[in-house]
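1. Whatever this is, show me its structure:
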Amino acid sequence: MHGVDPADVVVRGGRLHVKDNPARGETYQRLLARNDLTHLEALGSYAGASGSEKFSFYAYAATFAEVAVDASLGLVRVRRMVGVYDAARIISPRLADSQAIGAMIGGIGQALLEHTVTDHRDGRIVNANLADYLVPVHADIPADLKAVYIDGEDYEADPIGVKGLGEIVIVGVAPAIANAVFNATGRRIRELPITPEALL
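-> All right, here's what the predicted structure looks like:
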């Protein structure tokens with residue numbers, strides 16, 4: 001690697017080599033051994049970005065769920081759920097609640113019911129109707145769904161101090177339910193929906 005321009009060095013798979021000549025290179029292990037080193041250490045510092053780049057304009061959310069799992073049937077029921085959102089200034093609390101509660105209901109469907117079945121012979125969706133594609137109904141929704149908004153305004157994000165509350169409200173619902181199922185059963189389910197077959 002001696003004399004090679006650093007811009008022409010590729011680092012990949014624990015190895016350094018010349019961009020146009022992969023045979024000309026060596027592993028980190030050989031490089032350290034040749035220099036009688038057991039490890040490599042580097043120190044650095046970061047002063048931070050300047051201007052608007054030093055601010056985060058994202059909304060944040062944390063979702064918590066409590067579930068009950070029938071040990072005999074493997075059925076999961078959501079008992080209660082709370083979502084806590086930092087979306088800066090909430091202009092319309094009723095509209096924000098509609099978005100958040102609706103997302104919790106959609107997330108329950110994502111976590112426990114909704115599953116697209118594809119016929120691998122022709123790529124058609126087998127359950128492309130509301131008779132076979134399950135979505136949450138009133139009986140699937142707990143009475144205790146709550147959305148909490150952290151007070152605040154963010155005038156760095158925009159002149160009226162608001163942030164978006166669009167998709168952030170659904171992102172944590174399915175993971176919260178999956179974590180609650182793990183807490184209740186000790187089974188870590190990594191595919192959605194969480195079906196009774198996965199728990200039995």
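2. mind checking how far Arg124 is from Thr118?
-> Distance, Arg124 to Thr118, using Cβ to Cβ, to the nearest Å: 7 Å. (C-beta placed from N, C-alpha, C; glycine too.)
3. which SS class is Ala68?
-> Three-state assignment for Ala68 (DSSP: H, G, I helix; E, B strand; the rest coil): strand.
4. How about Glu41?
-> coil.
5. okay, now it: neighbour count?
-> By the criterion of other Cβ atoms under 10 Å, Glu41 has 5 neighbours.
6. Likewise for Ala174?
-> 22.
7. who touches it in this structure?
-> Gly107, Gln110, Ala111, Leu192 (Cβ atoms under 8 Å, 6 or more residues apart in numbering).
8. so the third one makes contact with Asn179?
-> No: taking contact to mean Cβ atoms under 8 Å, the distance of 10.5 Å between Ala111 and Asn179 leaves them out of contact.
9. between the two, which one's more packed in?
-> Ala111 (25 against 17).
10. What separation is there between that one and Val181?
-> 9 Å.
11. Find residues that contact each of those two.
-> What both Ala111 and Val181 touch, as defined by Cβ under 8 Å, 6+ apart, is the set Ile194.
12. Any idea what Phe64 is bridged to?
-> Val82 (DSSP bridges).
13. Enumerate every residue touching it.
-> Met81, Val82, Gly83, Val84, Ala176.
14. So which of these is the closest to Asp151?
-> Val84 (11.8 Å; Cβ to Cβ).
15. what residues are up against Glu191?
-> Ala198.
16. can I assume it sits in a strand?
-> No: applying three-state DSSP, one finds Glu191 to be coil, outside a strand.
17. Now do the strands in this protein.
-> For the chain, strands defined by DSSP state E occupy the ranges 9-12, 15-18, 21-27, 60-69, 76-86, 144-149.
18. Compile those strands into a markdown table and extend it with columns for mean pLDDT.
-> A markdown table is the format used below for these (pLDDT from 0 to 100):
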| stretch | mean pLDDT |
| --- | --- |
| strand 9-12 | 90 |
| strand 15-18 | 91 |
| strand 21-27 | 89 |
| strand 60-69 | 97 |
| strand 76-86 | 97 |
| strand 144-149 | 96 |
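19. Nearest to Gly44, out of those strands?
-> strand 9-12 (16.7 Å).
20. List the strands paired with that closest one, with their directions.
-> Partners of strand 9-12 in its sheet, by DSSP bridges: strand 15-18 (antiparallel).
21. Pretty sure Thr38 sits against Leu32.
-> Yes: assessed by Cβ under 8 Å, Thr38 is found in contact with Leu32 at 6.9 Å.
22. How about the contacts made by the residue nearest to the spatial centre of the chain?
-> Against the mean C-alpha coordinate of the chain, by Cα atoms, centre = their mean, the closest residue is Val171 at 6.2 Å. Val171 sits next to Ala61, Thr63 when contact means Cβ under 8 Å, 6+ apart.
23. Then Val126?
-> Val117, Thr118, Asp119, Asp132 are the contacts of Val126 under Cβ under 8 Å, 6+ apart.
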